[in-house]
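**Q** When you get a sec, could you give me coordinates for this:
(chains A and B)
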Amino acid sequence: MSSFVEQLQAWQAGVDKMLAKRPERKKQFTTLSGLPIERVYLPEDPGDEYAQKLGLPGEYPYARGVQPTMYRGRLWTMRQYAGFATAAESNQRYRYLLDQGTTGLSVAFDLPTQIGYDADHDLARGEVGKVGVSISSLKDMEVLFDQIPLDKVSTSMTINAPAGILLAMYIAVAEKQGVSPDKLRGTIQNDILKEYSSRGTYIFPPRPSMRIITNIFAYCAAEVPLWNTISISGYHIREAGSTAVQEVAFTLANGMAYVKAAMDAGLDVDEFGPRLSFFFNAHSEFLEEVAKYRAARRLWAKIMKERFGAKNPKSMMVRFHTQTAGCSLTAQQPKNNIVRVAFQAMSAVLGGTQSLHTNSMDEALSLPTQEAVTIALRTQQIIGYETGVTETVDPLAGAYYIEHLTDEIQKRAEAYIAKIDEMGGAVPAIEQGYVQREIQEAAYDYQKAVEDNERVVVGVNKFVVKEPPPSGLLRVDPKVREEQAAALAQLRGQRDQKAVDAALAGLKAAAQEDQNLMPHFLSCVRGYTTLGEICDTLRGVFGEYQAPTTI
Amino acid sequence: MRKIRVLAAKPGLDGHDRGVKVIAAALRDAGMEVIYTGLRQTPEQIVATALQEDVDVIALSILSGAHDYLFPEVMKLIKQKGMDNVLVLGGGVIPEEDIPALKAAGIAEVFGPGTNTHKIVEFIKANVKSRD
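**A** Residues are numbered from 1 along each chain as shown, chains lettered A, B, ... in the order given. Below is the predicted model:
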């Protein structure tokens, strides 16, 4: 008997055991014509090459997905990124989305919050509540999650430089709801390296930032075990203009830097490895995108096993959230964006995503309106419930082109990783501006290809029409800043200032002495110390990052 | 003849610099000298750099929606400094309904997503003010 047949039998036995506890969504899966649909399709005679390169779903090297039954068991989490203006307004939007069938929250913070400034800081002028919700203290966080039971939802927070502080606020809100930290499910993005190369919301230099991240890993492994402590993000690398290959390469290189930092800090790879998650972009080149996710999974599994010696299969899995490509959306003929998003979302599903955000058609113009966000959510529901692509695992496997692209993306990403290794890893590569230059060159090449009509963007360089300006866009009232500033003044007047000063002094000492910062973030936020006060204290110890010049 | 000097600037806290970097490369390819401010510049810093570098053009880029506050702030300072010869452009995710107010504040033109970089080059060449 061939080894693959044995492997298949063992896999089947594992699946049967799992199904006895958790059955699939339907007893029988059939096409609209009534044709039966199998769980997994395989080549007629799967040889060694098949077993090594693709294997079975839920098994190393995970090319075919991280779960044995994938969407036959459960659809992905439909998670719409949202947040604007005040905590109270965002709370309304979350409760609306939960009523509409969204299954996880995804919090967008405004730029002052992301960069650790309170809403009344001078640099926050013009920015409060604009690209997300303004959170300056635990008070705001309490309002944001008002009447949302934190033991029932999973919450993703797009927060990086001050991720530990916002997580501490989330834990403190849960405490007030009577929910213990070991019940909390969700993700903090907490991926600082891509901020330096692609998104720009850094605060501290890379090395202290890496230390804060490993502090969070260690704290959560002990206290918040279900929490995904990082979402290593290729999304923003792609938005900054990278190719699909660069997205895989730079994301995994960043991931390797986090793993190495955590191991250097004395953590066991199989302790924190299972809580690493990823975040990818879904762009418009449909089949390349499908292959990209498969290649990323296979490459990461190999890196974790061979380079870092992981033993726990969960440490080797790329579990990932996907967002459709904001940068692909056009301000011209915005309704076309609904179609773009649908194809992009489908590629993420065919690539095996665990969680998906579909962009709203109006995002090249402003924040999404409620109608636009509803259509975006419905797009996922149509893919999940109507198109049938969810009824069998990894349906495009074995297609010559898909497998070729998967191999090729992996090979080219490996070449980039080798180059980054030569430079000493992702941190020095970013400090030297290498990653930034590679991305900006790719962005410029793409722009030139569009301008030379080598690449068609419908409505932009072909099929152009004259159209009236869009109306009914979502506007954030500039008064939000004054309201937030007034609320902060009141908060500062009411809280126990002595306790705040003591908590900040404790934080400062911990930062200087290399203690884990998470318990200090918690004691700060519990006493309503503001985000800006905490970040200023850390700025005093760590300094602020100065970007290298790359143009 | 002196090359046209452009300050490509990112006001505010927004870190999305793909657009401004692409524009900077395109303007450079078109023979202009481009200075990039880097991220998180206050209106005061941008105007001080423009003055110090003696630029002909300031190209402001913003995606976060803070253009309605930050662009007019830059124009206010430019007027205060008497920098009448500087051509100021805006770009980024800017709703059309906001453009009239930005132009009234003195922004010469606003270029939204999908703009062909040649159009920006042509606009600068046609509108840059003479320096005698």
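
**Q** which other helices and strands contact the longest helix that chain B contains?
**A** Longest helix of chain B, by residue count under DSSP state H: helix B:67-80. Counting contacts by 3 or more Cβ pairs under 8 Å, 6 or more residues apart in numbering or on different chains; DSSP states H and E, helix B:67-80 packs against helix B:43-53, strand B:57-62, strand B:87-92, helix B:99-104. (C-beta placed from N, C-alpha, C; glycine too.)

**Q** Could you say which of these is packed most deeply?
**A** For the helices and strands packed on helix B:67-80, ranked by mean neighbour count under the definition mean count of other Cβ atoms under 10 Å in any protein chain shown, the leader is strand B:57-62 at a mean of 26.

**Q** And the contacts of that one?
**A** B:4-12, B:14, B:17, B:19-20, B:23, B:27, B:32, B:46, B:50, B:67, B:70-71, B:74, B:78, B:86-94, B:107, B:120, B:124, B:128 (Cβ atoms under 8 Å, 6 or more residues apart in numbering or on different chains).

**Q** How about stretch B:67-82?
**A** Counting by Cβ under 8 Å, 6+ apart, stretch B:67-82 makes contact with A:125-126, A:478, B:9, B:11-12, B:43-44, B:46-47, B:50-51, B:58, B:60, B:62, B:86, B:88, B:90, B:92, B:94, B:98, B:101-102, B:105-107, all of which sit outside it.

**Q** Can I take it that residue A:390 is in a strand?
**A** No. Note on residue A:390: no strand contains this position according to DSSP: H, G, I helix; E, B strand; the rest coil, which reports coil.

**Q** Neighbours of the residue in chain A that chain B sits nearest to, how many?
**A** Nearest residue of chain A to chain B, counting by Cβ to the nearest Cβ: residue A:200, 1.8 Å away. Using other Cβ atoms under 10 Å in any protein chain shown as the criterion, residue A:200 is surrounded by 23 other residues.

**Q** contacting residues around it?
**A** Residue A:200 sits next to A:547, B:14, B:15, B:16, B:17, B:39, B:40 when contact means Cβ under 8 Å, 6+ apart.

**Q** Now tabulate the residues you listed in a markdown table and tack on pLDDT, neighbour count and distance to residue A:241.
**A** A markdown table is the format used below for those (pLDDT from 0 to 100; neighbours: other Cβ atoms under 10 Å in any protein chain shown; distance: Cβ to Cβ, whole Å):
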| residue | pLDDT | neighbour count | distance to residue A:241 |
| --- | --- | --- | --- |
| A:547 | 90 | 18 | 16 |
| B:14 | 93 | 26 | 16 |
| B:15 | 93 | 23 | 14 |
| B:16 | 91 | 24 | 11 |
| B:17 | 93 | 27 | 10 |
| B:39 | 95 | 20 | 16 |
| B:40 | 95 | 20 | 20 |
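
**Q** Just put the residues you listed in TSV and tack on secondary structure and distance to residue A:78.
**A** Listed next are the contacts of residue A:200 as TSV, based on DSSP: H, G, I helix; E, B strand; the rest coil; distance: Cβ to Cβ, whole Å:
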residue	secondary structure	distance to residue A:78
A:547	coil	36
B:14	coil	28
B:15	coil	27
B:16	coil	26
B:17	coil	31
B:39	coil	33
B:40	coil	34
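
**Q** neighbouring contacts of stretch B:103-112?
**A** The list of residues contacting stretch B:103-112 from outside it, by Cβ under 8 Å, 6+ apart, reads A:331, B:60, B:71-72, B:75-76, B:78-79, B:87-94, B:96, B:99, B:102, B:119-120, B:123, B:127.

**Q** How about the closest residue to chain A within chain B: what's its closest non-neighbour residue?
**A** Checking chain B residue by residue against chain A with Cβ to the nearest Cβ singles out residue B:15 as nearest, at 1.8 Å. By the measure of Cβ to Cβ, 6 or more residues apart in numbering or on different chains, the closest residue to residue B:15 outside its immediate chain neighbours is residue A:200, 1.8 Å from it.

**Q** The one you found and residue A:79, how far apart?
**A** For residue A:200, the distance to residue A:79 (Cβ to Cβ, to the nearest Å) stands at 24 Å.

**Q** The residue of chain A closest to chain B and residue A:146, how far apart?
**A** Counting by Cβ to Cβ, the gap between residue A:200 and residue A:146 amounts to 31 Å.

**Q** which residues does the residue nearest the centre of chain B form a beta bridge with?
**A** Geometric centre of chain B, nearest residue: residue B:59, 1.5 Å, by Cα atoms, centre = their mean. Residue B:59 has these beta-bridge partners by DSSP bridges: residue B:8, residue B:89.

**Q** where does chain B dip in pLDDT?
**A** Along chain B, the model assigns pLDDT under 70 to residues B:131-132.

**Q** Spell out which residues of chain B are next to chain A.
**A** For chain B, the residues in contact with chain A (Cβ under 8 Å from any Cβ of the partner chain) are B:8, B:12-18, B:21-22, B:24-26, B:34, B:36, B:38-40, B:42, B:64-66, B:68-70, B:73, B:93, B:95-97, B:112-114, B:116-118.

**Q** Kindly supply the PyMOL command isolating those of those residues that are buried.
**A** In PyMOL, the members of the residues of chain B next to chain A classed as buried (16 or more other Cβ atoms under 10 Å in any protein chain shown) are selected with the following command:
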select buried, chain B and resi 8+12+13+14+15+16+17+18+21+22+24+25+26+34+36+38+39+40+42+64+65+66+68+69+70+73+93+95+112+113+114+117
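
**Q** can you pull the contacts of residue 38?
**A** Just going to use chain A. When contacts are taken as Cβ under 8 Å, 6+ apart, residue A:38 is in contact with residue A:392.

**Q** My question was about chain B, not that one.
**A** Residues in contact with residue B:38 (Cβ under 8 Å, 6+ apart) are A:547, A:549, B:10.

**Q** about what we covered before: may I have the phi/psi pair for the residue of chain A closest to chain B?
**A** phi 80, psi 0 (degrees, to the nearest 10).

**Q** what about the helices in the stretch 351-500 of chain A?
**A** Per DSSP state H, counting those that start in this stretch, the stretch 351-500 of chain A has helices spanning A:370-385, A:400-422, A:426-431, A:434-451, A:479-494, A:497-513. These are given in chain order.

**Q** winner for burial among these?
**A** Neighbour counts (mean count of other Cβ under 10 Å) averaged over each of the helices of the stretch 351-500 of chain A peak at helix A:426-431, with a mean of 22.

**Q** would you turn the contacts of residue B:38 into JSON lines with distance to residue A:437?
**A** What follows is the contacts of residue B:38, written out as JSON lines (distance: Cβ to Cβ, whole Å):
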{"residue": "A:547", "distance to residue A:437": "12"}
{"residue": "A:549", "distance to residue A:437": "11"}
{"residue": "B:10", "distance to residue A:437": "18"}
